[in-house]
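J.: this is a predicted model, with the sequence first.
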Amino acid sequence: MFIVTNREINDRKRGLNKFGGKPNPEGANELRIVEAIKEGRDWKVYILPDELTDDDKLAVRLKREVGLKDPKDPADPSIPYYASDYVAARLQRSIPKDRRHILLYVHGFNNDMKDVLDQAHALGTKYRMEVIAFSWPALGGGAISGTLNYRRDKVTARLSVGALDRTIDKLHTFVKQANLKLMAKITREADRKFPDNPVERDAFIAQTAEDECPYCVSALFHSMGNYLFKHALLSDIFQSRAPVFDNVILAAADTNNEGHAKWVDMINCRGRVFITINEDDYALGASRLKLGDAQHARLGHYLRKLDAQRPIYVDFTEVDQVGKAHTYFIGGPTRNKKVARFFRHAFRGKRSETNLKYHSDANIYRFR
């Protein structure tokens, strides 16, 4: 499993203690890629070198592991390989073979690195996906921490806008390159089969591309991760406007309900935008109290003013097994097969709302 992070990293410490709760001292937009392997209840982490040079034993092993032996450009053997090239090569090998989809997971407030790894692993295991987590410098420290930590995490979330933008851009590059290879193969086959019939040729390309695409790419923004995504979309520096994702899921969003249409309707994806709401969500209830009157109703906690045009709103309030849960896409709530099915379909780029009942008076889908 791979984690992209702009957290500070201290190589002198061991294990997960390497990862701090502050941004990278080189700048909040600086990214490192971490490969994490679960061993029982613990995690073994490898911080990948930025550049895979032949002077580094780990870099040489990583290059050989995925067959990165030849230069990208035979005319210029000095062109380097980077950690992102290694990740892309690994994914290109494993995804078609295991028929796994990709999910970008952006966590919320109060999550340290162990929280992030455990949640990402649970997602990948439950839904058989390749999860890539973006971890920004949240402090961690318990389910309900103090107002100072909450305010501080909101600041670091906003500082991480550029880092999230770069992460999405790298994912877009990977998807684009993989699709170009697939389309080139399909086009050659279409030219061979239908050399004199352009209509049949184009129909063959469209149908085969849909049938043979080995995976979809979706995104899950959880809790304060939505606050980060909101400020990324509204930022002048945000470049990732292309439709990278099939579906986008805004789960238990810890950001204002008021005015959410302004940024939610900016989301560009090939499929659907889902907003999940639980009025009994204990964490969002506590979140609203942290700043008193200054804290408006939370998007993931409020069943009124659902007025954006782009999203599909889904009500999880009083759904069996969900209760007061804040993280209801893994764990106990997914013992409810309807809940598990909803998220499974959403993460795989499908229409998750088809078995739900639409209530036009509230503009929301419900499980009952």
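T.: On my side now, so go ahead. Residues are numbered from 1 along each chain as shown.
J.: what about the stretch 251-368 of the chain, any weak spots by pLDDT?
T.: Low-confidence segments of the stretch 251-368 of the chain, defined by pLDDT under 70: 290-295.
J.: now the helices for it?
T.: Secondary structure of the stretch 251-368 of the chain (DSSP state H, counting those that start in this stretch): helices at 261-264, 282-290, 337-347.
J.: okay, buried residues for the second one please.
T.: Within helix 282-290, the residues scored as buried using 16 or more other C-beta atoms under 10 Å are 283-285, 287-288, 290. The way it works is simple: take the backbone N, C-alpha and C, and place the C-beta from them, glycine included.
J.: quick revisit: Throw the helices of the stretch 251-368 of the chain into a markdown table and include distance to Arg7, thanks.
T.: Formatted as a markdown table, those follow (distance: least, C-beta to C-beta, whole Å):
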| stretch | distance to Arg7 |
| --- | --- |
| helix 261-264 | 25 |
| helix 282-290 | 22 |
| helix 337-347 | 25 |
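J.: among those helices, which is nearest Lys18?
T.: helix 282-290 (27.1 Å; C-beta to C-beta).
J.: if we can go back for a sec, relative to Lys193, which of the helices of the stretch 251-368 of the chain is closest?
T.: When the helices of the stretch 251-368 of the chain are compared by C-beta to C-beta, helix 337-347 sits nearest Lys193, at 33.2 Å.
J.: tell me where the model's unsure across the stretch 51-200 of the chain.
T.: Where the stretch 51-200 of the chain drops into low confidence, which here means pLDDT under 70, it does so at 53-63, 65-79, 96-99, 140-146, 177-182.
J.: rewinding a little: which stretch among the helices of the stretch 251-368 of the chain comes nearest Lys44?
T.: Using C-beta to C-beta and comparing the helices of the stretch 251-368 of the chain, the one that lies nearest Lys44 is helix 337-347, at 26.1 Å.
J.: who's in contact with Ile3?
T.: Neighbouring residues of Ile3 by C-beta atoms under 8 Å, 6 or more residues apart in numbering: 33-34, 36, 113, 116-117, 120, 132-135.
J.: same thing but at 10 Å, please
T.: Taking C-beta atoms under 10 Å, 6 or more residues apart in numbering as the contact definition, Ile3 lies against 19, 32-36, 45, 47, 105, 113, 116-117, 120, 131-135.
J.: SS state for the nearest residue to it once chain neighbours are set aside?
T.: Counting by C-beta to C-beta, 6 or more residues apart in numbering, Val34 is the residue found nearest to Ile3 once chain neighbours are left out, at 4.3 Å. Per DSSP: H, G, I helix; E, B strand; the rest coil, the secondary structure class of Val34 is strand.
J.: from the contacts of Ile3, which land in helices?
T.: With helices identified by DSSP state H, the entries of the contacts of Ile3 that belong to them are 113, 116-117, 120.
J.: in a markdown table, list these along with neighbour count and distance to Arg201.
T.: Compiled in a markdown table, these are given as follows (neighbours: other C-beta atoms under 10 Å; distance: C-beta to C-beta, whole Å):
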| residue | neighbour count | distance to Arg201 |
| --- | --- | --- |
| Met113 | 27 | 50 |
| Val116 | 26 | 46 |
| Leu117 | 24 | 47 |
| Ala120 | 25 | 42 |
